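*Asks:* show me how the following folds:
(one chain, ligands or ions: 1)
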Amino acid sequence: MNKVWTKEEVLAIYNRPLMQLVFDAAQQHRVNHNPLEVQVSTLLSIKTGGCPEDCGYCPQAARYHTDIEKNDLMTVPQVKAQALRAKSNGSSRLCMGAAWRNIQNNEEFDQVLEMVKTVNELEMEVCCTLGMMTEDQARRLADAGLYAYNHNLDTSEDHYKEIISTRDFDDRKKTIANASKAGISVCSGGIIGMGESANDRCSMLVTLANLSPQPKSVPINALVPVEGTPLADQQLVSIWDMVRMVATTRIVMPEAVVRLSAGRTQMSDEGQALCFMAGASSIFAGDKLLTTPNPDINNDMKLFDILGISTKAPFVDGEQPTTKESYKECASTRGNVKWDRPGHTIERNEMAKQKAKDLKA
Ligand code: SF4
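*Replies:* The predicted structure is shown next:
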């Protein structure tokens with residue numbers, strides 16, 4: 001059984017002198033992983049924009065006025081072409097993201113299931129991030145060959161109420177549990193730089209570390225403030241906070257792949273190198289991370305060369321799923337799946353929504 005972490009313990013780790021913290025995390029990293037391998041993953045937005053949620057950091061929320069290009073759901077051949085391109089650039093994992101509140105049992109979900117099957121056949125780890133998900137939907141995704149499901153906690157339970165009002169923290173945990181029950185590897189992490197305290201960061205890590213099983217993959221994102229979103233004026237997070245967060249994550253979830261995710265364009269090569277030293281074992285490749293900028297793959301490969309890092313093959317941490325024809329069978333009625341809305345309001349989100357309305361008028 002896993003150790004049960006307390007917030008005090010995690011905070012004490014987070015607050016260790018930085019050089020000590022990096023050393024401790026690097027030691028833990030070497031026990032559980034090959035420190036000279038980093039997984040390259042590609043995040044592909046298969047349906048962009050028009051999301052009904054109000055996540056304060058997200059340019060894809062329909063209610064805010066942002067400068068993103070909206071796209072309907074991609075076709076299976078389009079996704080296959082992108083997956084092959086990602087694979088030829090060294091990616092061993094493709095994460096497909098759709099700007100949905102939750103999965104519906106409809107033709108679009110059928111199309112995503114075909115995408116999962118197709119990419120799995122290319123011998124890449126397939127991950128999806130599609131919003132909230134029922135047990136039956138998780139089962140169908142697993143049967144189609146899904147390797148992992150991403151559903152970030154984003155922040156602590158307390159701070160969550162300041163960032164999102166259209167669903168609550170428990171909904172996140174329910175979806176994560178549904179993925180686990182279906183035997184899907186869980187990918188869940190968060191974003192720092194959203195006005196949270198060190199307490200909040202550690203509280204989020206406690207929730208993740210005390211999940212049973214612990215997530216196999218933990219993305220750590222630095223907020224990329226986007227004009228028009230409620231968090232547009234947030235200050236960029238410092239590299240030292242990022243290193244601290246990566247190192248603490250590595251120590252409390254030693255077996256997880258810690259993913260250096262959004263915000264890498266704000267980091268120097270040296271800063272990223274320190275994150276790898278502190279236990280980051282994956283990056284996202286591609287010139288965009290859903291809608292925000294990301295370093296060029298050639299720059300990433302140059303940095304890997306300098307550091308003596310090579311790219312990690314797929315399925316090192318788990319077996320490739322086999323596709324079962326049962327992915328076509330839907331147990332629940334087709335159409336709308338209802339998830340409650342908690343319904344509190346967040347002043348900053350309401351102001352951004354009003355500003356978007358004013359600009360439209
Ligand atoms: S983070 Fe996801 S759920 Fe939230 S607004 Fe953006 S696309 Fe929608």
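*Asks:* what residue ranges in the chain score low on pLDDT?
*Replies:* Scanning the chain for pLDDT under 70 picks out the ranges 1, 287-293, 295.
*Asks:* list phi and psi for the residue lying closest to Leu146 once chain neighbours are set aside.
*Replies:* Distances taken as C-beta to C-beta, 6 or more residues apart in numbering place Val116 nearest to Leu146, at 5.0 Å, with adjacent residues excluded. The C-beta positions use only the backbone N, C-alpha and C, and glycine is treated the same way. According to degrees, to the nearest 10, the main-chain angles of Val116 amount to phi -60, psi -50.
*Asks:* check whether Val116 really touches Gly145, as I assumed.
*Replies:* Yes. With contact defined as C-beta atoms under 8 Å, Val116 reaches Gly145; the gap is 5.5 Å.
*Asks:* which one's more surrounded, the two?
*Replies:* Between Val116 and Gly145, counted using other C-beta atoms under 10 Å, the more crowded position is Val116 (28 against 20).
*Asks:* which residues touch the more buried one?
*Replies:* Met96, Val126, Cys128, Leu141, Ala144, Gly145, Leu146, Tyr327 (C-beta atoms under 8 Å, 6 or more residues apart in numbering).
*Asks:* can you tell me which of those is nearest Arg30?
*Replies:* Within the contacts of Val116, the smallest distance to Arg30 is 28.9 Å, found for Val126 (C-beta to C-beta).
*Asks:* circling back: for PyMOL, write a command that selects the buried ones of the contacts of Val116.
*Replies:* Those of those that count as buried under 16 or more other C-beta atoms under 10 Å are selected in PyMOL with:
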select buried, resi 96+126+128+141+144+145+146+327
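*Asks:* show me where the stretch 201-350 of the chain has its helices.
*Replies:* In the stretch 201-350 of the chain, the helices defined using DSSP state H, counting those that start in this stretch lie at 239-252, 269-277, 297-307, 347-360.
*Asks:* so which of these gets nearest Lys173?
*Replies:* With C-beta to C-beta as the measure, helix 239-252 is the member of the helices of the stretch 201-350 of the chain nearest Lys173 (17.5 Å).
*Asks:* now that closest one, how far from the chain's geometric center?
*Replies:* Distance of helix 239-252 from its chain centroid, counting by C-alpha atoms, centre = their mean, to the nearest Å, is 16 Å.
*Asks:* contact residues of this structure facing the ligand?
*Replies:* Cys51, Glu53, Cys55, Cys58, Gln60, Ala61, Ala99, Gly131 (C-beta under 6 Å from any ligand atom).
*Asks:* let's see that with 5 Å instead.
*Replies:* Cys51, Glu53, Cys55, Cys58, Gln60, Ala61, Ala99 (C-beta under 5 Å from any ligand atom).
*Asks:* sorry, back to before: need the residues touching each of Val116 and Gly145.
*Replies:* Joint contacts of Val116 and Gly145 (C-beta under 8 Å, 6+ apart) are Val126, Tyr327.
*Asks:* ok, Lys181 touching Asp136?
*Replies:* No. Lys181 is beyond contact range of Asp136, at 10.5 Å (criterion: C-beta under 8 Å).
*Asks:* what is the subsequent helix or strand relative to the strand or helix carrying Ile13?
*Replies:* Following DSSP states H and E, one finds Ile13 within helix 7-14. Next along the chain after helix 7-14, taking DSSP H and E as the criterion, comes helix 18-32.
*Asks:* burial count for the closest residue to Gly49 other than its chain neighbours?
*Replies:* In space, and not counting its chain neighbours, Gly49 is closest to Lys70: 3.4 Å by C-beta to C-beta, 6+ apart. Applying other C-beta under 10 Å, we find 12 residues neighbouring Lys70.
*Asks:* what of Thr345?
*Replies:* The tally of other residues near Thr345 (other C-beta under 10 Å) stands at 10.
*Asks:* contacting residues for it?
*Replies:* Contacts for Thr345 (C-beta under 8 Å, 6+ apart) come out as Ser165.
*Asks:* and the longest strand for this protein?
*Replies:* For the chain, the strand that runs over the most residues, judged by DSSP state E, is strand 37-47.
*Asks:* output the helix or strand just after that strand as CSV, nothing but the C-alphas.
*Replies:* Proceeding N to C from strand 37-47, the next assigned helix or strand is helix 76-88, under DSSP H and E. Only the C-alpha atoms of helix 76-88 are listed here, as CSV (Å, rounded to 0.1, in the frame of the first residue of the first chain):
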residue,chain,number,x,y,z
VAL,A,76,-9.6,10.1,-38.5
PRO,A,77,-7.3,10.5,-41.6
GLN,A,78,-6.3,14.0,-40.4
VAL,A,79,-5.4,12.6,-37.0
LYS,A,80,-3.5,9.7,-38.5
ALA,A,81,-1.4,12.1,-40.6
GLN,A,82,-0.6,14.2,-37.5
ALA,A,83,0.3,11.1,-35.5
LEU,A,84,2.7,9.9,-38.2
ARG,A,85,4.3,13.3,-38.3
ALA,A,86,4.6,13.3,-34.5
LYS,A,87,6.1,9.8,-34.5
SER,A,88,8.7,10.8,-37.2
